[in-house]
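**Student:** sequence and predicted structure are below.
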Amino acid sequence: MESDFPPAALPGLAAALKQVEAALREQLASDEALVALIGDHVLGGGGKRIRPALLLLASDLCGYTGPRRVQVAAAVELLHTATLLHDDVVDLAQLRRGRPAANVVWGNRRAVLVGDFLYARASSMIVEDGDLEILWIFSNTIRLMAEGELLQLEHSFDPTVTEQHYYGVIDRKSAELIAAACDAGAILGGVTRAERRRVAEFGRQLGLAFQLRDDALDYSAEAHALGKRPCADVREGKITLPLLLALKRCTAAEREQAAALLKTAGRRAAALSAEGLVDPEQVLSDEDLEPVLELVRRYRGVEDTDRRAQEHVERARAALAPFPDGPAKKALYETAAFAVARAH
């Protein structure tokens, strides 16, 4: 059964998230109407707001429930939203949370520019908060996320990608921002360096688990649950853990067949991109994909990716073990459980 999110264990979390939502909407104010239009399209797409919720919970765990946490949490979500706009352009994505991606509706240039606007707004909110440690975390996170995107892009359709490379990508692209949200919450609480490291490690391990579950769902969930076409990752050239595990375990002949398919898809993608075409079906059709999906099924790629995600959840829980039991800690544990139990 899928866990609920946000967790109901912490009184006041829903009210604080409403304040975050209001702060997000305020940041869309601009003389250019398109900013609010595209921003509302992305923010209104049904996101879980897991990053601001984690910041709120981490600050509560560390003893802070004041107003600064709302502004910093909203800045983290704006940063996340900016990355979604940019990622969809880079990935040539067609759908985001079941709706046409902003780049499909308004074009790549406008989507990128509104993403830049949101980066600027998020950065301004952090500067206004005035905490140099949070500002450093924020700027460093942006750098690492960009590096992660480049790491992934440089190895599109590459059948030789290793687990080490894969983890390097998801740590930067996904886990880093969640770790930063938790760390910022701990800074607001004024805890020791050692306690900060534990809270940030909780976020990092949860972020890895969250991405692993995403990558498993891409192979196993239905389109209506995902909000995008299944197997979008491999169509975009992303070699994620379910396929990596299958390629490690399959026979040499099966590996050669899959490698040839991926290399052909990479050449098609490059040719289509040069022509300005972005239809993933032309890169890898359902028929093309079937041998890959069969490998993932036969060698338990999805099941073992989910098992790996659960291992990261256990590490996340262990990071918080020394903190006193209470509603905030319970809610953080529930959030970790949600990361691997969700169906989308």
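**Tutor:** That came in fine, so what should we check first? Numbers count the residues shown, from 1 in each chain.
**Student:** make it CA atoms for all contacts and neighbour counts henceforth
**Tutor:** Noted.
**Student:** for the longest helix belonging to the chain, buried residues please.
**Tutor:** Across the chain, the longest stretch assigned as helix under DSSP state H is helix 193-220. Neighbour-count burial for helix 193-220, counted by 16 or more other CA atoms under 10 Å, picks out 195-220.
**Student:** quick one: mean pLDDT over stretch 198-217.
**Tutor:** The average pLDDT within stretch 198-217 is 97.
**Student:** who touches that stretch?
**Tutor:** 58, 170-171, 174-176, 178-183, 186, 226, 233, 240-242, 301-303, 305-306, 308-313, 315-317, 319-320, 336, 339-340, 343-344 (CA atoms under 8 Å, 6 or more residues apart in numbering).
**Student:** in the chain, which helix or strand is least confident?
**Tutor:** Every helix and strand in the chain was compared by mean pLDDT, DSSP states H and E; the lowest is helix 223-226, with a mean of 60.
**Student:** nearest spatial neighbour of the residue nearest to the spatial centre of the chain, chain-adjacent residues omitted?
**Tutor:** By CA atoms, centre = their mean, the mean C-alpha position of the chain lies nearest to residue 174, the distance being 4.4 Å. Leaving aside its sequence neighbours, residue 174 sits nearest to residue 207 (CA to CA, 6 or more residues apart in numbering; 6.0 Å).
**Student:** look up how far residue 172 lies from the one you found.
**Tutor:** 10 Å (CA to CA, to the nearest Å).
**Student:** now residue 203
**Tutor:** For residue 203 relative to residue 172 (CA to CA), the value is 13 Å.
**Student:** what about the strands in the stretch 51-200 of the chain?
**Tutor:** With DSSP state E, counting those that start in this stretch as the criterion, the stretch 51-200 of the chain has strands at 95-96, 99-100.
**Student:** kindly report the same for the stretch 201-344 of the chain.
**Tutor:** Going by DSSP E, counting those that start in this stretch, the stretch 201-344 of the chain shows no strands.
**Student:** what about residue 285, how many neighbours?
**Tutor:** The number of residues packed near residue 285 is 12, by other CA atoms under 10 Å.
**Student:** next, count neighbours for the nearest residue to residue 121 once chain neighbours are set aside.
**Tutor:** Among residues not flanking residue 121 along the chain, residue 27 sits closest, at 6.5 Å (CA to CA, 6+ apart). Neighbourhood size, residue 27 [other CA under 10 Å]: 20.
**Student:** quick revisit: keep only those of the contacts of stretch 198-217 that are in helices.
**Tutor:** Using DSSP H, those in helices are 58, 170, 176, 178-183, 186, 226, 233, 241-242, 301-303, 305-306, 308-313, 315-317, 319-320, 336, 339-340.
**Student:** quick check on those residues: which are buried?
**Tutor:** Those of the ones in helices among the contacts of stretch 198-217 that meet the buried threshold are 58, 170, 176, 178-183, 186, 226, 233, 241-242, 301-302, 305-306, 308-313, 315-317, 319-320, 336, 339-340, by 16+ other CA under 10 Å.
**Student:** how much space between the residue nearest to residue 121 and residue 260?
**Tutor:** Counting by CA to CA, the gap from residue 27 to residue 260 is 47 Å.
**Student:** go on, residue 187?
**Tutor:** 49 Å.
**Student:** the more surrounded of those two?
**Tutor:** Applying other CA under 10 Å to residue 187 and residue 260 shows that residue 187 carries more neighbours, namely 21 against 13.
**Student:** quick check, that one in contact with residue 136.
**Tutor:** No: using CA atoms under 8 Å, residue 187 is not in contact with residue 136; the gap is 11.9 Å.
**Student:** give me every residue that touches residue 118.
**Tutor:** 28, 78, 79, 81, 82.
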